[in-house]
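> Below: sequence and its predicted model.
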Amino acid sequence: MFDNVIEAMVDAVLVVDVEGRITLTNTATHQITGYTAEQLKTLPIAKLLVDDSSGLRTIVRKRIEDGDVLRREKSWLLTSNGERIPVSVTGSPVLDAQGGLQGIVLVARDIRELRQLLLDKEEEIKRRCHAEAELRALNASIEAKLDETRGSLLLAERRATLGTLAGGVGHELRNIAQIQVAAVDELAAAIAANEDVAALAKQILPDLERVAEHITAHGQRLMQLARPGPDHVQPLDLNQVIRDVIAMLRGAGKLSRVELTCELSTEPILVTVNRMRIEQILVNLVINAVDAIGSSTGKITIDVRPSVDGKRAVCEVHDTGSGIPEDQLENIFHPFFTTKPEDKGTGLGLPVAREIVTTYGGTLTASSEVGKGTSFVFDLPR
Ligand SMILES: Nc1ncnc2c1ncn2[C@@H]1O[C@H](COP(=O)(O)OP(=O)(O)OP(=O)(O)O)[C@@H](O)[C@H]1O
Ligand SMILES: [Mg+2]
């Protein structure tokens, strides 16, 4: 029965006497070591089982003499052809009836498969670490590329903004040039008709001077686009600015076909802004209103008042022109949105106006009804 049990075991089982001689082995031992039972009987255990440090024999003996059971000691089985097979060894003492040590039963488990498994796992962990490192590197390079793309997008956006701003300046220069052309035409006609040029010149010169100021200011603004500098602001009475703009537009013949009413405030409404920029907004709003009325008759009303809480200046430009369809009310503030022929409109007037008002901490909004008219309202801090 005992022999059968030992035979049935897949682990190598060896019984060793106190001298270290092998007295009993099972088939698994022969299969693993390549030795026959007879060969093993003549082999000292120290030649068959070794460990990395002091030699298994001493450890086995010492432990067993101390009465300890040897548990899963890592060692090596030396096969008949010199191969070292890793094994895990368990040993128990064999005692006689008086408790004297007769020998040891050693069970050696071939752990090659287990070791291979461990090695495979280690290999897999290494592979994973490597893959992880590669992923991290890839991530970093993607981040770097993203940064680069962000950078070039920013540059493209800056260029687009510059283009829009430069377009805005061009738009204003064109509006203002029309005023100059009209004034010069009028003067030329008066000279041709031998009229009193001096009186006319006196009337026109302030407008021309204003035009020149605008051109200079916008030239400066173009230069500022390349290298932004401070915006020259000063406290101004919004009523007066409106009066001047209307006089200028009237002088240029822009208001000849419309009826224009100004409802200015009786008290001065001071706002701290750059004069040219506010004039630019007003010129665009009024010219837009004139265009919306077109060849039909219509009315434009400009209204200036303090806000209800008195902290802001509110200006409304209302016209009885064509009106704006509801679904286009926000589009009109987008750069280059225009319903005018190419030689007439650039679609920059309103976006630039809104940008200016926003810079000063105000808002510019539109409300409209098709066929009835449109109102633009902007406010500025006082
Ligand atoms: N008072 C208004 N009544 C009706 N439509 C308007 C009015 N003001 C603006 N719009 C619409 O908004 C569009 C954009 O106006 P914006 O001033 O930005 O450019 P534009 O007048 O078309 O061109 P530009 O100002 O360069 O001459 C106009 O083309 C027009 O369709
Ligand atoms: Mg316009």
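That came through fine. Ligands and ions are numbered 1, 2, ... in the order given.

> all contacts plus neighbour counts: C-alpha atoms, from now on.
Fine.

> hmm, who's touching stretch 289-303?
Where contact means C-alpha atoms under 8 Å, 6 or more residues apart in numbering, the residues beyond stretch 289-303 that reach it are 254-255, 257-265, 286, 315-323, 374.

> are any of those buried, and which?
Buried members of the contacts of stretch 289-303, scored by 16 or more other C-alpha atoms under 10 Å, are 254-255, 258, 260, 264, 286, 315-323, 374.

> Most widely separated two among these?
264 and 322 (25.0 Å; C-alpha to C-alpha).

> What's the nearest residue in the stretch 101-250 of the chain when you look at ligand 1?
residue 171 (5.6 Å; C-alpha to the nearest ligand atom).

> what about that residue, distance to residue 90?
For residue 171, the distance to residue 90 (C-alpha to C-alpha, to the nearest Å) stands at 96 Å.

> for residue 121, same thing?
According to C-alpha to C-alpha, residue 121 stands 25 Å off from residue 90.

> Could I get the average pLDDT for the helix or strand where residue 86 lies?
Per DSSP states H and E: residue 86 is located in strand 84-95. Strand 84-95 carries an average pLDDT of 87.

> Show me which residues of the stretch 201-350 of the chain sit near ligand 2.
Counting by C-alpha under 5 Å from the ion, the stretch 201-350 of the chain comes close to ligand 2 at 284, 288, 349.

> How many neighbouring residues does the nearest residue to the last one once chain neighbours are set aside have?
With sequence-adjacent residues excluded and distances taken as C-alpha to C-alpha, 6 or more residues apart in numbering, residue 349 is closest to residue 284, at 5.8 Å. Applying other C-alpha atoms under 10 Å, we find 19 residues neighbouring residue 284.

> Also residue 196?
Neighbour count for residue 196, taken as other C-alpha under 10 Å: 11.

> Spatially, which residue comes closest to it, not counting chain neighbours?
In this structure, residue 196 finds its nearest non-sequential neighbour in residue 190, 7.2 Å apart by C-alpha to C-alpha, 6+ apart.

> quick one, phi/psi of that neighbour?
For residue 190, the backbone dihedrals (degrees, to the nearest 10) come out as phi -60, psi -40.

> give me the number of residues near it?
16.

> Isn't it up against residue 201?
No: judged on C-alpha atoms under 8 Å, residue 190 makes no contact with residue 201 at a distance of 9.7 Å.

> Compare residue 121 and residue 90 (neighbour count), which wins?
residue 90 (19 against 12).

> Tell me which stretches of the stretch 201-350 of the chain form helices.
238-251, 275-293, 349-359 (DSSP state H, counting those that start in this stretch).

> centre of the chain versus the second one, how much separation?
If I follow you right, that is helix 275-293. Distance of helix 275-293 from its chain centroid, counting by C-alpha atoms, centre = their mean, to the nearest Å, is 38 Å.

> orientation of that helix relative to helix 349-359 in degrees?
Angle, helix 275-293 to helix 349-359, by axes from the mean of the first three to the mean of the last three C-alpha atoms, to 10 degrees: 140 degrees.

> one step back: with mean pLDDT as extra columns, can I get the helices of the stretch 201-350 of the chain in CSV?
Shown next, in CSV, are these (pLDDT from 0 to 100):
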stretch, mean pLDDT
helix 238-251, 89
helix 275-293, 91
helix 349-359, 91
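
> so how far is ligand 2 from residue 47?
Distance, residue 47 to ligand 2, using C-alpha to the ion, to the nearest Å: 104 Å.

> Can you show me the strands along this protein?
12-17, 22-25, 49-50, 70-78, 84-95, 101-110, 234-237, 259-263, 270-273, 299-306, 312-319, 363-369, 373-381 (DSSP state E).

> can you put those strands in CSV and add distance to residue 4?
Shown next, in CSV, are the strands of the chain (distance: least, C-alpha to C-alpha, whole Å):
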stretch, distance to residue 4
strand 12-17, 12
strand 22-25, 12
strand 49-50, 24
strand 70-78, 23
strand 84-95, 18
strand 101-110, 15
strand 234-237, 112
strand 259-263, 120
strand 270-273, 108
strand 299-306, 112
strand 312-319, 107
strand 363-369, 100
strand 373-381, 105
